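1. Okay, here's the prediction I keep looking at, along with the sequence it came from:
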Amino acid sequence: MKTEPTTAQELVGIVTGGWRAQAVHAAAVFRLPDHVEAGLATDPALAAASGVPEQGIRRLMRLLVAMRVFEEDPALGYRSTELSRALLDRAGTLRDMCLLYGAEFYTAWGRAADCLRTLTAGFELVHGEPLYPYLDGHPDLADLFQRTMRAGNLFFDRVPEVFDFSGGKTVVDCGGGNGHLLSVLLGAAPDARGKLVDRDHVIPLARAHLAGTVGPDRVELFGGDMFRAVPEGGDVYVFCRVLAGWSDDDAVTAFTHCRRAMAGPASRLLILDRVVADRGSTVLPALWDLHLLMTTGGGHRSLDRLRSLLDRAGWHLERTAELPMEHTALIAAPRTGTDTGR
């Protein structure tokens with residue numbers, strides 16, 4: 001059987017995708033986007049600034065220009081592009097994501113075949129323990145992980161467009177990380193108040209971020225395990241990209257805690273995540289579902305499966321709304337007459 005050249009080229013592009021990713025990771029490590037943005041437009045200048053031999057810089061930049069991460073003018077040298085600016089070493093870019101995905105997470109994907117064969121996370125196969133316990137023992141990596149999560153939160157500003165947080169509501173962010181989402185929601189509803197629960201070592205990060213954005217007087221912080229308890233009195237309980245690494249039973253337990261702790265029948269539960277379809281899926285949800293298997297052993301759920309979990313916990317799915325980057329908001333209401341176990 002003879003493979004057509006166009007087919008071969010397409011397949012080569014796929015199987016060398018990891019090489020491209022590592023080239024971009026190297027650019028981020030050496031801060032090449034920052035150097036070019038600062039006006040260092042030649043190989044000798046970039047070599048001096050980065051500490052990389054000039055030959056290495058030239059070969060790396062040749063590929064990055066071909067990938068349109070940078071542009072090159074024969075007379076003026078290298079220039080920034082929208083892609084390279086998204087890798088600058090400053091708040092709001094994707095540099096932290098690139099650093100994490102090109103190192104620890106890249107090695108996890110290196111065990112993809114073993115991961116799929118055993119259904120054990122590739123990260124655990126590489127590092128000898130699951131991701132979250134590993135982060136607990138490596139604070140620098142944990143900090144990078146939190147910054148990476150924030151870098152991927154490009155849809156947060158759209159959440160207030162699909163749900164109204166105003167009217168004096170108390171918003172409870174379950175597994176709220178550094179508080180970025182909660183700050184956005186409270187910023188969109190100045191009369192709302194917030195509560196955030198996450199692991200003890202994350203709370204200082206949330207306190208610092210929320211104090212600098214919405215102010216400490218509008219937020220209460222709770223260190224603990226949302227699968228054991230959630231703060232009482234919430235009008236809205238939010239789960240944003242935190243359930244994929246946990247079992248169905250764990251998710252039901254967390255939803256049940258919210259059902260028991262809610263302020264009243266007008267309370268709502270919001271799930272913000274990617275939803276996967278077994279047939280006809282687009283690339284992004286399918287790719288991220290497999291990535292979760294590689295990193296945490298978890299995965300994305302289908303809409304029907306999430307509806308079933310909500311039903312088990314005494315909620316019914318009221319409606320859904322689409323968000324950027326192929327995320328979905330699921331809004332659930334308490335099921336009338338459900339025994340909450342009070």
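-> All right, it came through fine.

2. ok so Thr253 is a strand residue?
-> No - membership of Thr253 in a strand is not supported by DSSP: H, G, I helix; E, B strand; the rest coil, which gives helix.

3. Please state the backbone phi and psi of the residue nearest to it when sequence neighbours are not counted?
-> Closest residue in space to Thr253, ignoring its immediate chain neighbours: Phe227 at 5.3 Å, by CB to CB, 6 or more residues apart in numbering. Where C-beta positions appear, they are placed from N, C-alpha and C, glycine not excepted. Dihedral pair for Phe227: phi -90, psi 0, per degrees, to the nearest 10.

4. ok now do Phe227, which residues does it touch?
-> Phe227 makes contacts with 246, 250, 253-254, 257, as judged by CB atoms under 8 Å, 6 or more residues apart in numbering.

5. now Leu293
-> 115-116, 119, 121-122, 299.

6. Repeat the analysis, applying 10 Å as the threshold.
-> Going by CB atoms under 10 Å, 6 or more residues apart in numbering, Leu293 touches 108, 112, 115-116, 119-123, 244-245, 299-300.

7. SS state for it?
-> The three-state label given to Leu293 by three-state DSSP is helix.

8. which residues of the stretch 51-200 of the chain score low on pLDDT?
-> Applying pLDDT under 70 to the stretch 51-200 of the chain flags residues 151-152.

9. Tell me how many other residues surround Lys2.
-> For Lys2, the tally of surrounding residues (other CB atoms under 10 Å) stands at 6.

10. Show the secondary-structure elements that the helix or strand Asp114 falls within is packed against.
-> Taking DSSP states H and E as the criterion, Asp114 maps to helix 112-118. Using 3 or more CB pairs under 10 Å, 6 or more residues apart in numbering; DSSP states H and E, the elements in contact with helix 112-118 are helix 122-127, helix 283-295.

11. and Asp164, which of the ones you listed is closest to it?
-> Of all these, helix 283-295 sits nearest to Asp164, with 26.8 Å by CB to CB.

12. before we move on, back to that, point out the least confident one among the contacts of Phe227.
-> Across those, the smallest pLDDT goes to Trp246, namely 87.

13. about what we covered before: just the buried residues of the contacts of Leu293.
-> 108, 115, 121-123, 244-245, 300 (16 or more other CB atoms under 10 Å).

14. Between those, which sits nearest Phe165?
-> Nearest to Phe165 among these, counting by CB to CB, is Ala244 at 23.8 Å.

15. how close does the closest one get to Thr282?
-> For Ala244, the distance to Thr282 equals 17 Å [CB to CB, to the nearest Å].

16. want to throw the helices and strands packed on helix 112-118 into CSV with distance to Ala208?
-> Putting the helices and strands packed on helix 112-118 into CSV (distance: least, CB to CB, whole Å) gives the following:
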stretch, distance to Ala208
helix 122-127, 27
helix 283-295, 26
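
17. residues making contact with the helix holding Asp114?
-> Helix 112-118 has contacts (CB under 10 Å, 6+ apart) with 108-109, 111, 120-126, 290, 293-295, 297.

18. now do the same end-to-end measure for stretch 301-318.
-> End-to-end span of stretch 301-318 (CA to CA, to the nearest Å): 18 Å.

19. repeat for stretch 94-109
-> By CA to CA, one end of stretch 94-109 lies 20 Å from the other end.

20. related to what we said a few turns ago, distance to Ala48 added to the buried ones among the contacts of Leu293, as CSV?
-> Converted to CSV, these look like this (distance: CB to CB, whole Å):
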residue, distance to Ala48
Ala108, 35
Cys115, 41
Ala121, 41
Gly122, 38
Phe123, 37
Ala244, 44
Gly245, 43
His300, 45
